[in-house]
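# A structural model of the following input is requested.
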Amino acid sequence: MSKKPNQNSLRTLTEGTPEAEKTLETSNRFFSTLAKISPVGIFRTDAQGNCVYVSESWCGIAGMAQNDALGGGWAQAIHLDDREQVVQAWNTSAQIHQNFNREYRFQQLNGITRWVLGQAVTEWDPAGKLIGYVGTITDITARKQVEEALRESEARYRYLFQSNPHPMWIYNMETLRFLAVNNAAIAHYGYSMDEFLAMTIKDIRPPEDIQPLLEELSRLGNANINMSWIWRHIKKDGTPIDVGITSHKLSFGGSDAKLVLINDITERKHAEERIQHLAHFDSLTGLPNRSLLGDRVSQAICMAQRNRDSLAVLFIDLDHFKNINDTLGHHIGDGLLTGIAKRLKSVVRDEDTVARLGGDEFVLLLPGTDADGAAHVAEKLLETATKHYQIEHYELVITTSIGIAIYPSDGMDFDNLTRCADVAMYRAKRDGRNNFRFFTAEMQASSARNLQLGNALRRALEHNQLQLHYQPQASIENGCVIGVEALLRWQHPELGMISPAEFIPIAEDSGLILPIGEWVLRTAVRQLKIWMDTGIAPMIIAVNLSMVQFRQPQLLKLVTQILKDEGLPPKYLELELTESVTMNDPLTAITVMNNLHKHGVRMSIDDFGTGYSSLSYLKRFNVYKLKIDQSFVHDIAENLENKTIFKAIINLAKGLGLRTIAEGVETQEQVEFLRENGCDEIQGYHYSKPLPVDLFEAFVRKKN
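Residues are numbered from 1 along each chain as shown. Next up, the predicted model:
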């Protein structure tokens with residue numbers, strides 16, 4: 001209960017009726033004026049708490065007329081959700097003569113809700129008797145809205161802070177102690193909440209980073225700047241991580257603090273490092289790639305110029321590496337490349353560079369090395385490279401061909417030196433492989449010939465310089481011609497007859513193999529149709545397909561259209577694919593061969609036995625003939641191993657229901673062996689060499 005007013009003072013005010021009345025009148029007039037102009041609602045009650053007066057401001061805030069507010073009517077203006085509690089609190093205060101102080105809501109008739117602070121104090125007469133209450137209501141709606149917005153903002157902040165997938169924390173800027181951490185930080189770093197709150201931000205840094213951290217924080221001082229850094233942190237289990245940090249200054253618990261968001265960029269940094277590494281190093285062997293090699297050669301040339309010294313560039317290519325990939329698979333080939341890389345590095349000095357350009361091509365940079373030194377290294381490389389390699393359960397032997405270019409005599413920059421070394425390497429291959437050659441001007445001329453042939457080949461089709469020769473394929477039983485293979489020849493008006501072994505690789509490299517292949521196919525089909533129309537017994541004509549042609553998406557359409565144009569039934573066309581072509585991508589090969597088979601075209605596998613065909617795939621290839629490579633036929637009478645392989649191929653073919661033909665047959669002794677062991681057909685110089693059209697026609701008429 002509030003303390004009663006000083007009774008003596010009240011008595012003094014009322015002593016002497018005229019003065020007292022005047023004082024009272026003045027007081028009432030002052031109260032009335034104050035009530036009118038005050039934005040605060042004013043009310044008075046009797047001793048029982050019943051309202052006897054409300055000001056206009058009170059009515060405006062409550063949304064109720066003065067007469068309706070008198071007595072207990074004022075309570076009807078209180079929001080229904082607050083009414084019972086407010087009335088109960090008011091009645092309790094009135095019963096025990098206690099001051100009233102409470103926040104509640106008025107619900108105006110127009111639906112508007114106003115928050116108010118209701119306050120009332122007891123009023124006593126001079127005799128110490130309770131007269132009633134005088135009080136105010138203050139419209140606090142705006143404040144309440146601000147408080148609610150603040151609560152919502154804080155709730156959103158707490159939600160965003162705790163639910164953020166990135167680690168976040170707040171730390172004291174003076175003590176560096178953690179003040180708050182979110183769930184993501186606890187999960188990511190491995191510390192519990194209590195452990196975090198007992199630590200400082202220094203405790204998650206590597207020791208060598210603490211001083212730089214303190215210096216950076218000291219430099220920033222108390223500045224209110226949003227900052228971003230990249231630092232290293234240590235998790236509870238000792239795992240180091242790279243993090244990107246974004247911080248913002250704020251006040252927390254009355255202290256200056258920093259809100260920090262953590263982005264773990266460890267994987268990103270590792271990825272960037274890997275990308276940077278891949279930009280300069282070969283992903284398989286870890287050796288420098290062409291880009292890094294170019295930089296090192298340029299630096300070595302600058303050093304050689306200053307010192308008036310020489311350097312050597314060695315271009316290394318593995319001999320017949322493609323056969324390993326085609327027969328054993330690329331994973332075995334990759335293992336071999338890795339082994340070669342290690343051996344190359346074991347031969348050279350620390351200041352030398354071993355680089356991989358791609359595929360089976362390697363380049364060595366030997367600073368400060370002359371021709372003698374380069375030859376010495378090349379000899380060591382040849383010796384080292386030829387030692388056995390154990391890749392999984394395969395024991396492999398590989399040889400290398402090496403070309404050497406010397407600065408400054410063979411070139412003054414990276415491109416020229418590698419080009420000259422490349423030319424010399426191809427000469428080493430042409431000279432038998434497993435050796436090395438220095439670049440010479442004569443080699444440049446040979447390279448120029450390849451360029452000349454490439455340009456001339458583009459005109460060969462237009463000027464009818466290409467022609468087909470036909471080699472008979474005979475039944476081993478009666479010697480009758482039952483098939484023919486179309487073989488491409490090039491008669492250049494100035495250069496003479498050019499070997500297919502020389503111009504076919506050029507055609508494949510230049511993309512000319514597709515139009516040339518189409519010409520060969522159309523010419524062969526047309527010629528067979530002409531022979532059949534002139535009375536020669538029907539036979540099968542075999543046409544070779546290169547890997548480039550076989551991979552051509554329009555192959556099926558091209559073949560069927562040519563057969564249709566020339567009027568030849570598909571059963572008389574045989575397309576020959578080498579074993580390596582079919583096994584390079586067996587699933588695609590199956591699809592292509594099935595489509596051709598559905599259209600009646602025959603398929604055969606050429607050079608069978610030189611690759612590494614999977615029997616599971618061989619059964620799925622729609623082929624009708626295996627063409628046994630001439631390397632098995634050449635010395636079959638004396639070579640026991642070749643005999644064994646040959647017999648195995650014949651038995652395999654019979655088991656799969658396939659015909660067999662042996663190519664490169666040159667002696668009667670070979671024919672007898674082939675006949676005795678069940679071979680179906682033969683092809684080779686013993687029977688006939690490839691013949692031009694007119695001679696072939698005469699040969700067939702004679703034989704058949």
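
# with just CA atoms, put stretch 398-406 into CSV.
Coordinates of each C-alpha in stretch 398-406 appear next as CSV, following Å, rounded to 0.1, in the frame of the first residue of the first chain:
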residue,chain,number,x,y,z
ILE,A,398,59.0,-52.0,-75.0
THR,A,399,61.6,-50.2,-77.1
THR,A,400,61.9,-46.5,-77.9
SER,A,401,62.9,-44.3,-80.8
ILE,A,402,64.7,-41.1,-80.0
GLY,A,403,65.3,-37.9,-82.0
ILE,A,404,67.8,-35.3,-80.9
ALA,A,405,68.0,-31.6,-81.7
ILE,A,406,70.9,-29.4,-80.5
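
# quick check: buried residues in that stretch?
Ile398, Thr400, Ser401, Ile402, Gly403, Ile404, Ala405, Ile406 (16 or more other C-beta atoms under 10 Å). Placement of C-beta: from N, CA and C, glycine included.

# the residues you listed in helices, which ones?
Judged by DSSP state H, these include no members of helices.

# confidence-wise, which of those residues comes last?
pLDDT across the buried residues of stretch 398-406 is at its lowest for Ile398, which sits at 91.

# how about that one: what's its closest non-neighbour residue?
The shortest distance from Ile398 to any non-neighbouring residue, by C-beta to C-beta, 6 or more residues apart in numbering, is to Leu318 (5.5 Å).

# what is the burial count for the one you found?
Leu318: 21 surrounding residues under other C-beta atoms under 10 Å.

# touching, it and Arg343? I think so.
No - the criterion here is C-beta atoms under 8 Å, and Leu318 misses it with Arg343 at 11.7 Å.

# give me the element Glu383 is part of.
Per DSSP states H and E: Glu383 is located in helix 371-385.

# no wait, Ile245
Per DSSP H and E: strand 240-252 holds Ile245.

# buried set for the next helix or strand after that strand?
Heading C-terminal from strand 240-252, the first helix or strand you meet, by DSSP H and E, is strand 255-264. The neighbour-count check on strand 255-264 (16+ other C-beta under 10 Å) flags Ala257, Lys258, Leu259, Val260, Leu261, Ile262, Asp264 as buried.

# ok, Lys619 - how many residues close by?
Based on other C-beta under 10 Å, the number of other residues close to Lys619 is 9.

# again with the one 4 residues further on
Residue crowding around Val623 was assessed by other C-beta under 10 Å; the count is 24.

# tell me the SS of it?
coil (DSSP: H, G, I helix; E, B strand; the rest coil).

# other residues contacting the longest helix belonging to the chain?
Of all the elements of type helix in the chain, the one with the most residues (DSSP H) is helix 141-163. Identification of contacts with helix 141-163 by C-beta atoms under 8 Å, 6 or more residues apart in numbering yields Glu103, Thr113, Arg114, Trp115, Val116, Met168, Ala180, Asn182, Asn183.

# got the residues you listed as a markdown table, with distance to Leu292 columns?
Formatted as a markdown table, these follow (distance: C-beta to C-beta, whole Å):
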| residue | distance to Leu292 |
| --- | --- |
| Glu103 | 75 |
| Thr113 | 75 |
| Arg114 | 77 |
| Trp115 | 73 |
| Val116 | 79 |
| Met168 | 41 |
| Ala180 | 49 |
| Asn182 | 44 |
| Asn183 | 45 |
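
# restricted to strands, list those residues.
Glu103, Thr113, Arg114, Trp115, Val116, Met168, Ala180 (DSSP state E).

# can I get these in TSV including neighbour count?
Shown next, in TSV, are those (neighbours: other C-beta atoms under 10 Å):
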residue	neighbour count
Glu103	15
Thr113	14
Arg114	20
Trp115	21
Val116	24
Met168	20
Ala180	19
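
# between these, which is closest to Ala460?
Met168 (73.1 Å; C-beta to C-beta).
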